[in-house]
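Visitor: Next comes the sequence, and after it the predicted model I'd like to discuss.
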Amino acid sequence: MDNHNFSYWERTAFIDDADVVIIGSGIVGLSAALHLKNSEPNLKVLVLERGFLPSGASTKNAGFACFGTATEQLEALKHTSDEEVVRLANYKWRGLQRLRQNLGDAAIDYHQHGGYELFMQGEETQAEEAMDNLARLNNLLKPAIDGHDIYAVADAKIAGFGFNGVNRMIYNPFEGQIHTGKMMRALLYKCYEKKVLVLNGCEITAIHNNGDHIHLTSPQGNFNTTKVIMATNAFARQLYPELQVVPGRGQVLVTKPIPGLKLKGTYHFREGYYYFRNIDGRVLFGGGRNLDFAAEETPEFGHTHTVKNTLIQYLNDVILPGKNAEIDYWWSGIMGFGEEISPIVKQLEPNIFCAVRCNGMGVAMGSLVGKEVAELVLKF
């Protein structure tokens, strides 16, 4: 669109009217917008989204309201301090509680059926290591999860789910699942109620900081504002290449309805690289990024035969043996990862801030990450 063809009405009501522009309308961006308006109701907040819907993973993830399996916590303890592992577990736990409080369980279709970690045949050593450390993990994380013991051996439940080739299982009763489409719709409604303006189909290609104002370039036209929040997660390096954020594609399927489905809850296996759950009498199943990390470190949506074939094999051989489940949906989402497992929330330059790298835990972290970057904006 020719920027000079904007009418007076468009410029004064849509283009040059924002105190804060947020780039990205995912869970972090909208949570930041909501916190800004709750804190400063007169603040004019504009959210710009390049896609028809949020472009990364906010409406394309698996809808796991989770904060970490036992093996994920144990792996983290090998690389960081006890205190940091506890802090991050508490951060994700508080983020989930904030999400539920902000939007309400009914609005996001929240169900707390618990989470399970599965260990396959041939993973006896990993299973024993995890189960030998459950008491240690429970003692360590108890203060972080409101005083609860979290993990317990659940081998007796394996047969009831009908799995094949699963030898051991760990249960966490405090994890849940949501409908992420409904979550984002509820967040949008909350933002609309606060008079946040969201414009879709508007990709920002450059940011110029002119001191007293910030100039944003887009094929749809140019925008001027006082402050900017970049909440583009996996796509952060497209505007700031120095940020330590690597895109990671997650490929997902959903089966057709399965009569008599026994699954209820969220499930992880193979060190968390595979995950599945029940949804509307169907099975949602995703993962396989570990099969070829280089191929999946991409900002491009799509599928690979390697991952698709592996997911189908696990679905028919392990999760639903003998069911010959038909697949109804395939899609992919792009997450943001880094060597450090904490999100990046900081000022990049005067009046330009970022909130990115949720490491595949956007549902758990996103509400708090959005709040933190909003508070940073209000502070400066």
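Guide: Now that the structure is in, tell me what you want to look at. Residues are numbered from 1 along each chain as shown.
Visitor: and the residue lying closest to Ile319 once chain neighbours are set aside, helix, strand or coil?
Guide: Leaving aside its chain neighbours, Ile319 sits nearest to Phe276 (6.0 Å; criterion: C-beta to C-beta, 6 or more residues apart in numbering). In this view, the C-beta of every residue, glycine as well, is placed from N, C-alpha and C. Following DSSP: H, G, I helix; E, B strand; the rest coil, we place Phe276 in the strand state.
Visitor: and the gap between Phe276 and Gln126?
Guide: 19 Å (C-beta to C-beta, to the nearest Å).
Visitor: neighbour count winner among the two?
Guide: Phe276 (29 against 16; other C-beta atoms under 10 Å).
Visitor: for that one, what are its contacts?
Guide: Neighbour list for Phe276: 263, 266-267, 283-286, 319 [criterion: C-beta atoms under 8 Å, 6 or more residues apart in numbering].
Visitor: Arg100 too?
Guide: Remark: with contacts taken as C-beta under 8 Å, 6+ apart, Arg100 is in contact with 108, 110.
Visitor: how close does it sit to Leu284?
Guide: Using C-beta to C-beta, we find Arg100 at a distance of 20 Å from Leu284.
Visitor: ditto for Gly162
Guide: 17 Å.
Visitor: which of those two has more neighbours?
Guide: Ranked by neighbour count (other C-beta under 10 Å), Gly162 and Leu284 place Leu284 first, with 21 against 16.
Visitor: Helix, strand, or coil at the more buried one?
Guide: strand.
Visitor: What residues are bridge-paired with it?
Guide: Val254, Arg277 (DSSP bridges).
Visitor: That one contacts Gly250, correct?
Guide: No. Judged on C-beta atoms under 8 Å, Leu284 makes no contact with Gly250 at a distance of 11.5 Å.
Visitor: where do the contact lists of these two overlap?
Guide: Common neighbours of Leu284 and Gly250 (criterion: C-beta under 8 Å, 6+ apart): Ala62.
Visitor: now the contacts of Phe276 as a markdown table including distance to Asn42?
Guide: As requested, those are exported to a markdown table (distance: C-beta to C-beta, whole Å):
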| residue | distance to Asn42 |
| --- | --- |
| Leu263 | 48 |
| Thr266 | 41 |
| Tyr267 | 46 |
| Val283 | 47 |
| Leu284 | 42 |
| Phe285 | 47 |
| Gly286 | 42 |
| Ile319 | 52 |
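Visitor: Give me the mean pLDDT for the longest helix seen in the chain.
Guide: For the chain, the longest helix by residue count, based on DSSP state H, is helix 82-103. Throughout helix 82-103, pLDDT has a mean value of 96.
Visitor: And for stretch 122-139?
Guide: For stretch 122-139, the per-residue pLDDT averages 97.
Visitor: The closest residue in space to Glu300 that isn't next to it in sequence: neighbour count?
Guide: Spatial nearest neighbour of Glu300, excluding adjacent residues (C-beta to C-beta, 6+ apart): Arg249 at 7.5 Å. Neighbours of Arg249 under the rule other C-beta under 10 Å: 23.
Visitor: host element of Arg249?
Guide: For Arg249, the host element (DSSP states H and E) is strand 246-255.
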